[in-house]
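when you get a sec, could you give me coordinates for this:
(3 chains)
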Amino acid sequence: MSEPSQDPKRSRVAAPKLLFETGSSGRSAFDGSTERGPVEGVLPPALLRGDIPGFPELGELEVLRHFTGLSQRNFAIESQFYPLGSCTMKYNPKINEAVARLPGFAQIHPLASPELLQGALALLHHLEQMLAEISGMEYVSLQPSAGAQGELTGLMLIRAYLSERGAPRKQIIVPDTAHGTNPASSTLCGYDVIQVSSSARGVIDASAIEKVMDENVAAVMITNPNTLGLFETQIEAIAKVVHGKGGLVYLDGANLNALMGIAKPGHMGVDVLHMNLHKTFSTPHGGGGPGAGPVAVQAPLRDYLPAPRIVKSGDQFQLQEDFPKSIGRVRSFFGNFGILVRAYTYILSLGGDGLEDASRMALLNANYIRKKLEKSYQIAYDDPCMHECIFTDRLQHRNGVTTLDIAKRLLDYGYHPPTIYFPLVVAGALMIEPTETETPETLDGFIEAMLEIAREAKEDPELVKSAPYSTPVRRLDEARAARKPVLRWEPGSSNQS
Amino acid sequence: MRYTPHTPADKERMLQTVGLHAIEELYQHIPRTLRERARIDLPPGLSELAVRRRMANLAAQNASAADWSFFLGGGIYNHFIPTAVDAVISRSEFSTSYTPYQPEVSQGTLQALFEFQTLICQLTGMEVSNAAMYDGASAAAEAVLLSRRLQPSGRRRVLISRAVHPHYRQVISTYLRNLQNVHLEEVSFDASGATDTAELKRHLDDQSMCVVVGYPNFFGVIEDLAQIKSACARVGAQLVSVTTEPLALGLIKPPGEFGVDIAVGEGQSLGVPMNLGGPAFGFFACQKKFVRNIPGRLIGETVDTEGRRGFVLTLATREQHIRREKATSNICTSQTLCALGATVFMSLLGKSGIRRLAEINVARAHDAFAQLVRKAKLETMFSGPYFNEFVARAKNLDEIFDRCAAQKIVPGIKLGQWYPELQDGLLVCVTEMNENEEVEKLVRTIAGP
Amino acid sequence: MEFPDGLKYSKEHEWVLVEGNTATIGITEYAQEELGDIVYVELPEIGEKVVKDDPFGAVESVKAVSDVYAPVGGTVLEINDVLPDNPETINDDPYGDGWMIRVELADKDDLKDLMDAEEYAEYVEQQKADEDEEEDDDENDEEEEDENEKE
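As a prediction, the model looks like this:
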């Protein structure tokens, strides 16, 4: 462990402590301490624990300072441009937050009877219809908590459908460009994965699917546009091949932000898909969730959707459990309702026109960046990109500068790096998704930074390779974290420096 | 249009740069048959004012704890959330950031999650915790999957108590149904409202993989984990505890003290609004020796190139983005902002506060039950010790609900919808949110004229 | 790069040291370099049977996991208990202290498929040359670009 610099002009502000390293014994911000109740003798003493060792003992201002200080060490969409490919870091509207906090949405209980939840049920029912319309599919379930859970749900629907027709089958075809959740979800659903390689043009050829498609294959999982930002031009042909042998087509809808008003998955031969509300539909990413991953299906899969379902009976909304072929529940209660409220608010705010415009502007922004960077960075594929573009570090590699270095140097310029090293088929991938909510000036600023880094990579590679310099911490020792994992604070530990 | 800032001049200039004349040219390569049917048939967008009015209208059609008296538990709890919690999670630095892939600019989220992992360990008495999962139900399912990875292939029988939350049992069943060679069996509860340990012992054998029980269970009863653990240990089965009301752990012995192998549960009670059941978060804690096999994100401590302490996502080779089909789970986006809220909540309560709050809940609930029995002539269903939820028995539940609704009271949850043998069972939850007058009004209303 | 003479090598970059009927197995210097900092090693249990060409364990770096394949079949006699706590030993001394397992050879004929030090050295050269080819393409592109700029 090296000693910090002895430079006297370096900031003297102490590094942040953990909650457990500060405060004072007996201190609390809890305000109910005057409450007195007959507690003694209520529960047998043998059931009771002692005080929780190490639990924080802080005053309220201490707590606020602690978390405010932490927040200032975080980069966010509202700090600056955040072009993480395939994550769709668009503006998270404040109105969504205000609406979600209305007591009539935030303080309602899922096990109250449906008559007392008519507003909530109406919202969910309507949202199902909106998402069906947007995706060109017929029925929707809002239960899944995130995209990955949506994928698992979708695969379970496929499994149930095929099981009823004889056998669930054994395999799922997954392209080499697929997000890691695709094969992971397949395994969770009891399937083996057959990986298929994309062509030199970055898309899947129907002929490649034909080679592996047989009665053992339950489905193909396809992302469209794919994780290279390219439209899978052969998707309808692929669907034909798969359907021809009795399999189904699952669409990973993570990149739906490229398709609104441009093409509907329901018209592409897709049988089931999921959408990521925390991507396309503006709900905030929260540092890693919560999100929501609704699934949408065509009619043949309807019977298997998770139960209960919301049905409209006259003017009233009811919950129906009686779906004997349903795969059951994938989570407790209704799903991430608070997130569904935000997405609903967003769709109302944009309307059909606004959503279509969002996708068009997303494409324009991505192509603008691509054009401006393609002389200084190697573009991975020549074909037209949609809402994201993907470069490699090949040109910079000549001087020993890698994608990782470029990403870290971008931090010094005040930008969040693009997605790096994904998908795996592109060595040193730099995947840039600007989204539609960015101004051309912001894009120009980012482009200028990228061009500057390209210059630095030529003229002063060492500068780039040791970046970042100006962030709250510099590069972190990930090997150490993995070798000797320290996953919690313990009393007596003090690694502060 | 809404949130897209481009002026016509902007678009013109950008198109020029790209070398095109119209934006439509950007997607001409999409098959025409798709393009011409792509129109989204939804009404035009509404102004903020119109949206606010419309949503307020919808919200007003729901009975909320703001103007109704709720005595509802069943896995989602009505607790007071200190104002400071929302102030913190509303900060856009927390809410509009993403998974901390670039740790140098994500130390806020990473440190907060490290603190969260620590708090969960302290609360549950377990050695290691992940950085949260979707909900208690999926955490319970993942616990069973972990047990399956750890236990030898001769052990594939899962024993799950009927006193575990019905939704959780359903989710576990859904997750397991697709996998080979794993068998779910249910164990009943007895007159105490806890798992029938005699029956459990009869079912336990050398093929048992794990046992899943609530703590407290769905009926609010505090199960005898010591007895259950020793029965499991005798045959080499693992014990999974499921806690839907973690506030209880501020007062009762934590699962770790009983040698529980995996402790999971729902964190909503810890500073997250009810939100009709989501989003909140599932917590997942276990013994340290399992750590390389567990699902979900893990935050680890390390140092940077200048020796400063910092935090990173670690042991990522377990996860889907690296291990793909061999990953321990498929989880990517989790419930981080909710976990952050819980971290703030637990910090505000602190060591003495969480115990105090738990004591208030216990006191209120026991007092209310006594009154319901004495004055409203309800009967007790179960004899076991309980935290802040209990099951009362009444023959005329529908009538009671109607009388209560007229007073804007929801007296509890009817158990008959999941337990046919408990048709007259009412699951009642009393928390610090239910003032004495409210409880008295409940008792009066149930007692009737 | 070192290719000790007394060892045999597999295409998956494992080395084998044969002593009588016992084979000691590890991964080569080239393999550890490609992997980077090793953070965790998965080893089989003593008594387990390893099958030739099947994975018997794994080596993890921060960003990747690599299966380690058995160059020969046999029964595990010993595992290197230094590795669980000090996985970086493989980086530091891949042919010596970084050994992974010791097996009782099931079939000496398995050794026939392995390469000797010289053959393995050539094999590694070839792997590196494939990477260099890509760099040559880059240089050609660069020359082309320079020419275009001149115009």
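
can you tell me the closest non-neighbouring residue to B:D190?
In this structure, B:D190 finds its nearest non-sequential neighbour in B:D196, 4.3 Å apart by CB to CB, 6 or more residues apart in numbering or on different chains. Where C-beta positions appear, they are placed from N, C-alpha and C, glycine not excepted.

cool, C:V59 as well?
Of all residues not flanking C:V59 in the chain, C:S66 sits nearest, at 5.1 Å (CB to CB, 6+ apart).

which element is the residue lying farthest from the centre of chain A on?
For chain A, the largest distance from the centre (CA atoms, centre = their mean) belongs to A:G41, which lies 49.0 Å off. A:G41 belongs to no helix or strand when assigned by DSSP states H and E.

burial count for the nearest residue to C:M100 once chain neighbours are set aside?
Among residues not flanking C:M100 along the chain, C:G26 sits closest, at 4.9 Å (CB to CB, 6+ apart). C:G26: 25 surrounding residues under other CB atoms under 10 Å in any protein chain shown.

these two touch, right, C:G26 and C:D97?
No - between C:G26 and C:D97 there is no contact under CB atoms under 8 Å: 9.6 Å.

which residues in chain C form helices?
C:29-35, C:89-92, C:117-150 (DSSP state H).

of the ones you listed, which shows the lowest average pLDDT?
The weakest mean pLDDT among these belongs to helix C:117-150, with a mean of 68.

let's see the pLDDT reported for A:P38.
The model reports A:P38 with a pLDDT of 56.

can you list the weak-confidence ranges in chain C?
Counting by pLDDT under 70, the ranges of chain C that qualify are C:131-151.

can you tell if the lengthiest helix in chain A touches chain B?
In chain A, with assignment by DSSP H, the single longest helix is helix A:337-373. Yes - residues of helix A:337-373 contacting chain B under CB under 8 Å from any CB of the partner chain: A:337-339, A:341, A:345, A:347-358, A:360-361, A:363-365, A:367-368, A:371-372.

contacting residues for A:L123?
Neighbour list for A:L123: A:340-341, A:344, B:58 [criterion: CB atoms under 8 Å, 6 or more residues apart in numbering or on different chains].

now those residues as CSV including neighbour count, distance to chain C and pLDDT?
Listed next are these as CSV, based on neighbours: other CB atoms under 10 Å in any protein chain shown; distance: CB to the nearest CB, whole Å; pLDDT from 0 to 100:
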residue, neighbour count, distance to chain C, pLDDT
A:L340, 29, 35, 98
A:V341, 27, 38, 98
A:Y344, 26, 39, 98
B:L58, 22, 46, 98
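
and of those residues, the nearest to A:D477?
A:L340 (40.4 Å; CB to CB).

what distance do you get for that closest one to A:L131?
The gap separating A:L340 from A:L131 is 10 Å, by CB to CB, to the nearest Å.

now B:P8
For B:P8, the distance to A:L131 - CB to CB - is 31 Å.

how about B:G278?
17 Å.

likewise for A:Q118?
For A:Q118 relative to A:L131 (CB to CB), the value is 20 Å.

do the same with B:T17
34 Å.

who has more neighbours out of those two?
The residue with more neighbours, out of B:T17 and A:L131, is A:L131; 27 against 15, by other CB under 10 Å.

could you find the closest non-adjacent residue to that one?
For A:L131, the closest residue by CB to CB, 6+ apart turns out to be A:V140, at 4.9 Å.

and that neighbour, what does it touch?
Here A:V140 is in contact with A:127-129, A:131-132, A:294-297 (CB under 8 Å, 6+ apart).

of these, which is the most crowded?
Busiest of the contacts of A:V140 [other CB under 10 Å] is A:V295, holding 32 neighbours.

just confirm it contacts A:V270, I think it does.
No - between A:V295 and A:V270 there is no contact under CB under 8 Å: 11.4 Å.

and the strands in chain C?
C:8-9, C:14-19, C:22-27, C:38-42, C:49-50, C:55-61, C:65-69, C:74-79, C:101-105 (DSSP state E).

of those strands, which is nearest B:L46?
So among those, strand C:65-69 is nearest, using CB to CB, at 49.8 Å.

I appreciate the help and will end here.
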